[in-house]
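In: Using only what follows, build the 3D model:
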Amino acid sequence: MPAHDTDHPHPGRALEVLVAFFKLGLTSFGGPVAHLGYFRTEFVQRRGWLDDARYADLVALCQFLPGPASSQVGMALGLQRAGWRGALMAWIGFTLPSALLLVLLAQGLAGHTSLADSGAVHGLKVVAVAVVAQAVWGMARSLCPDLPRAVLALAAAGLCLALPSALGQLGAIVACGLVGGWWLAAPAARAEGAPEPGPGVSRRAGGLALALFALLLVGLPLLALAQPGGPWALVEAFYRAGALVFGGGHVVLPLLQASLVPPGWLDNGAFLAGYGAAQAVPGPLFTFAAYLGAAVPAQAGGWPGGWAGAALALVAIFLPGFLVVVGVLPFWARWRGRAGVRAAVAGVNAGVVGLLLAALAGPVWGSAIHGAADLALALAALVLLVGARASPPLVVLLGALAGAWLGVG
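Out: Residues are numbered from 1 along each chain as shown. Predicted structure coming up:
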């Protein structure tokens, strides 16, 4: 096994990081949990960049943070291996394949408007119902294992349905975090004694990253208010989604839907078609932002659209997760043992389940299920995903084919 020399990252290894993560970006299907398994196989077992104890510590950190956990683990691995350029190469390699595929889909829908109303695209939206239902069930089993957290999840769902807006969703997440810190017992801490992961970043740089994260979170809404309907409103929507999402990529669905569809940036059918297609590509689900950035018409409030819009949306949604993980890495060893922090995060995670449940009951179901054929197709997809443990890409492909054949919708 190669030597573990991650404590002294060298910029010359950036190309090595890019190649390794590009391969994973082409082949890592199955969602964030599966991604973490791929990472361990590649970087712990095969390449020996770090040991199991360091890897487990890094995964634990990213589970605590907002943003796409698997991508944050990847960026942290790149940072530790090859410094700042390594973090960038890890993100590009893991993100680029799925982003390119989704932009091509968005351009196909834009160039052939009849595709958006086709049976195949409707089949993608119906499969999205099954995918979200599976996510709700799986997350509820792991994040709401007891009555208090189940109550928090249901309360969050009720608040999101009563206030169907980004403000209602943010309020539900914040409230669950506050209540969780007071009401819930902290999850058991990981056993002590494992080596602390080398952060690859100084405390000063980490503090600056956290300050920039907060500055953008406050400043971008002010820019959006100063230019109503302008491109800053979309940049702010993508950045806010990346900054406030706990629990994985599926949770961006309600946040982005509330920000893009009601103001008229994008119609709900095109939104859900892209979300369904995002299940069929490898890599992180956050690359759904590339589809949205390309699908929003050019010149809509000054938005560039196309490839430029996709790149802008992609950077905006991933940037907060990057800033948070590099900002917190130097301080993680000091914070991780505090029971109050673990209890608050447990409350936030329960709130995420409720937020996703509200999305399933609201825009996802209402926009896709219009009759018995839709319901039958959604149930069949759910059986394949949960009962047969079929891969999401296969189920999405079958759903599109079934939609085209049946002409559902």
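In: which SSE is the nearest residue to residue 344 once chain neighbours are set aside in?
Out: In space, and not counting its chain neighbours, residue 344 is closest to residue 181: 3.7 Å by Cβ to Cβ, 6 or more residues apart in numbering. Where C-beta positions appear, they are placed from N, C-alpha and C, glycine not excepted. In the assignment (DSSP states H and E), residue 181 maps to helix 166-183.
In: close enough to count as contact, the residue nearest to residue 344 and residue 348?
Out: No. Counting by Cβ atoms under 8 Å, residue 181 stays clear of residue 348, with 9.3 Å between them.
In: Distance of residue 19 relative to residue 61?
Out: 25 Å (Cβ to Cβ, to the nearest Å).
In: my bad, residue 151
Out: 28 Å.
In: More neighbours: which of the two?
Out: More crowded of residue 151 and residue 61, by other Cβ atoms under 10 Å: residue 61, with 23 against 15.
In: element containing that one, please.
Out: helix 52-64.
In: Distance from the chain centre to that helix, please.
Out: Distance of helix 52-64 from the chain centroid (Cα atoms, centre = their mean, to the nearest Å) equals 18 Å.
In: Measure how buried the residue lying closest to residue 403 once chain neighbours are set aside is and give me the count.
Out: Excluding the flanking residues, the one nearest residue 403 by Cβ to Cβ, 6+ apart is residue 123, at 2.0 Å. By the criterion of other Cβ under 10 Å, residue 123 has 31 neighbours.
In: just checking, residue 123 touches residue 395?
Out: No. Here residue 123 does not reach residue 395: they are 10.6 Å apart, not a contact under Cβ under 8 Å.
In: tell me the contacts of residue 277?
Out: 102, 105, 124, 291, 396 (Cβ atoms under 8 Å, 6 or more residues apart in numbering).
In: Swap in 7 Å and give it another go.
Out: 102, 105, 124 (Cβ atoms under 7 Å, 6 or more residues apart in numbering).
In: Tell me how far it lies from residue 122.
Out: Residue 277 is 12 Å from residue 122, by Cβ to Cβ.
In: what element comes up after the worst-scoring helix or strand of the chain on mean pLDDT heading to the C-terminus?
Out: When each helix and strand of the chain is scored by mean pLDDT, DSSP states H and E, helix 332-335 comes last, with a mean of 68. Counting by DSSP H and E, the next helix or strand C-terminal to helix 332-335 is helix 339-359.
In: Return the list of helices and strands in contact with that next one.
Out: helix 119-143, helix 147-162, helix 166-183, helix 252-260 (3 or more Cβ pairs under 7 Å, 6 or more residues apart in numbering; DSSP states H and E).
In: What residues sit buried inside the very next helix or strand once past it?
Out: Downstream of helix 339-359, the next assigned helix or strand under DSSP H and E is helix 365-368. Buried residues in helix 365-368, counted by 16 or more other Cβ atoms under 10 Å: 365, 367, 368.
In: okay, these in CSV with distance to residue 340 and pLDDT next?
Out: Shown next, in CSV, are the buried residues of helix 365-368 (distance: Cβ to Cβ, whole Å; pLDDT from 0 to 100):
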residue, distance to residue 340, pLDDT
365, 37, 83
367, 40, 74
368, 41, 80
